[in-house]
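Colleague: Return atomic coordinates for the entry below.
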Amino acid sequence: MSRDIHIESLSVTFHGHDLIVDSELELNYGRRYGWLGLNGCGKSTLLTIISCRELPIPEHMDIYHLTREIEASDMSALEAVINCDEERMKLEKEAETLAADDGGGGETVERLDRSYERLDALDAATVEKRAAEILFGLGFDKKMQAKKSRDFSGGWRMRIALARGLFMKSAILLLDEPKNHLDLEACVWLEEMLKKFDRSLVAAAGIIAQETAGDVRIYDRYSRR
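Modeller: Predicted structure coming up:
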């Protein structure tokens, strides 16, 4: 039941090109990692390989990979975040069914107690508050949180997908260019939020190399420095 990943002699080839050759990949639980590289060097490919479990990653470690915006639907932005926690929703439904079963006997009571204990561990009583706080940090005021997701542009639905990842707190969170659809205020909030992320986090960002008068300067695409 280890929560750390340690892979030796890792090699990755994509369309005949060697992206990684005989390297070591180590992701420790509770650590935050940033991957920087020129566009096309394989950052997104490696994140996809991890999320698809093409590497030996234990099954008990859940993974959230931010790849695209959420689908347009009639769910509000707040509902879209809250309803992504399938385990919590299943437990709540099970607890409701068991509580309504008056003749279930001792076994039903034990199952109900286990469901309530797990819901407490998931902090189910505060889901709406936590989801609302994350959305607010990403630029959604109260009115926008109640707005149907299909009424948002793709960029704003991408923010909702990011909110889902932060809300879920999976064992491994993979973010590929997470600031692409954010304004400066939301970027600052996200940086502070990720500083407190207590699982395994990998965030990838592209850099730009510019050659000037014999000197090569490296820029990140957000601050240009």
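Colleague: now the helices for the protein?
Modeller: Secondary structure of the chain (DSSP state H): helices at 43-51, 77-82, 86-99, 105-121, 127-137, 142-145, 154-168, 184-195.
Colleague: Redo those as a markdown table? Include distance to residue 18, mean neighbour count and mean pLDDT.
Modeller: C-beta: built from backbone N, CA, C; applies to glycine. Output for the helices of the chain, formatted as a markdown table (distance: least, Cβ to Cβ, whole Å; neighbours: other Cβ atoms under 10 Å; pLDDT from 0 to 100):
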| stretch | distance to residue 18 | mean neighbour count | mean pLDDT |
| --- | --- | --- | --- |
| helix 43-51 | 12 | 19 | 92 |
| helix 77-82 | 39 | 23 | 95 |
| helix 86-99 | 38 | 15 | 79 |
| helix 105-121 | 44 | 13 | 77 |
| helix 127-137 | 39 | 18 | 95 |
| helix 142-145 | 45 | 14 | 97 |
| helix 154-168 | 30 | 21 | 95 |
| helix 184-195 | 31 | 14 | 94 |
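Colleague: Between these, which one is closest to residue 2.
Modeller: helix 43-51 (15.9 Å; Cβ to Cβ).
Colleague: I'd like to know which elements the closest one is packed against.
Modeller: When contacts are defined as 3 or more Cβ pairs under 8 Å, 6 or more residues apart in numbering; DSSP states H and E, helix 43-51 sits against strand 5-14, strand 17-27, strand 32-38, strand 63-66, strand 172-176, strand 200-212.
Colleague: Neighbouring strands of the fifth one in the sheet, and parallel or not?
Modeller: It stands for strand 172-176. Using DSSP bridges, strand 172-176 pairs in its sheet with strand 63-66 (parallel), strand 200-212 (parallel).
Colleague: before we move on, back to that, in JSON lines, list the helices of the chain along with distance to residue 204.
Modeller: Shown next, in JSON lines, are the helices of the chain (distance: least, Cβ to Cβ, whole Å):
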{"stretch": "helix 43-51", "distance to residue 204": "4"}
{"stretch": "helix 77-82", "distance to residue 204": "23"}
{"stretch": "helix 86-99", "distance to residue 204": "26"}
{"stretch": "helix 105-121", "distance to residue 204": "31"}
{"stretch": "helix 127-137", "distance to residue 204": "21"}
{"stretch": "helix 142-145", "distance to residue 204": "28"}
{"stretch": "helix 154-168", "distance to residue 204": "14"}
{"stretch": "helix 184-195", "distance to residue 204": "13"}
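Colleague: Among the ones you listed, which comes closest to residue 68?
Modeller: The closest of the helices of the chain to residue 68 is helix 154-168. By Cβ to Cβ, the value is 6.9 Å.
Colleague: any idea which of the strands paired with strand 172-176 is most buried?
Modeller: strand 63-66 (a mean of 19; mean count of other Cβ atoms under 10 Å).
Colleague: Show the average pLDDT along that strand.
Modeller: For strand 63-66, the mean per-residue pLDDT is 95.
Colleague: mind listing what the residue nearest the centre of the chain touches?
Modeller: Central residue of the chain (Cα atoms, centre = their mean): residue 165, 2.9 Å from the mean position. Residues in contact with residue 165 (Cβ atoms under 8 Å, 6 or more residues apart in numbering) are 64, 66, 173, 175.
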